[in-house]
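>>> need the 3D shape of this:
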Amino acid sequence: NIYPNPTADYLNIQSTELLDIQFYSLNGKLVKKLSSVEGKIDIRDLPRGVYTMQATSKKGVYYESIIKRD
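As a prediction, the model looks like this:
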């Protein structure tokens, strides 16, 4: 579970099994990568826009569209 979406600063993630998270711009460019993710992700450094978040866990790979607002 990922919330709030859209957000201006942080994403909360309810999962204890995440290995890494990657954020991609709409043109497919990797813009942020995090390892050993727990609880809260700071996305204040990303410009306003829509991103694809790829979350990798031991069970598989999951994708979510994230809207970053001002």
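
>>> phi, psi for residue 44 please.
Dihedral pair for residue 44: phi -60, psi -30, per degrees, to the nearest 10.

>>> does the residue minimising distance to the centre of the chain sit in a helix or strand, and which one?
Central residue of the chain (C-alpha atoms, centre = their mean): residue 53, 4.4 Å from the mean position. Assessed by DSSP states H and E, residue 53 sits inside strand 49-57.

>>> elements contacting that strand?
If you count contacts as 3 or more C-beta pairs under 8 Å, 6 or more residues apart in numbering; DSSP states H and E, strand 49-57 packs onto strand 18-24, strand 60-68. To be clear about C-beta, it is placed using only N, CA and C from the backbone, and glycine gets the same treatment.

>>> could you say which helix or strand holds residue 46?
Using DSSP H and E, residue 46 falls outside every helix and strand.

>>> what's the neighbour count on it?
A count of nearby residues for residue 46, using other C-beta atoms under 10 Å, gives 15.

>>> which pLDDT does the model give it?
On the pLDDT scale, residue 46 is placed at 97.

>>> wait, what's in contact with it?
By C-beta atoms under 8 Å, 6 or more residues apart in numbering, the contact set of residue 46 is 23, 31, 32, 68.

>>> partners of residue 24 in the sheet?
Beta-bridge pairing for residue 24 (DSSP bridges): residue 30, residue 52.

>>> mind listing what it touches?
Taking C-beta under 8 Å, 6+ apart, we find residue 24 in contact with 30, 31, 51, 52, 53, 54.

>>> how about residue 3: what's its closest non-neighbour residue?
Among residues not flanking residue 3 along the chain, residue 12 sits closest, at 5.4 Å (C-beta to C-beta, 6 or more residues apart in numbering).

>>> how about that neighbour: which residues does it bridge to?
With DSSP bridges as the rule, residue 12 is bridged to residue 3, residue 40.

>>> burial of it, as a residue count?
13.

>>> contacting residues around it?
2, 3, 4, 39, 40, 41.

>>> quick one: contacts for residue 15?
1, 55, 57.

>>> now do 10 Å
By C-beta atoms under 10 Å, 6 or more residues apart in numbering, residue 15 lies in contact with 1, 2, 21, 37, 38, 39, 55, 57, 59, 62.
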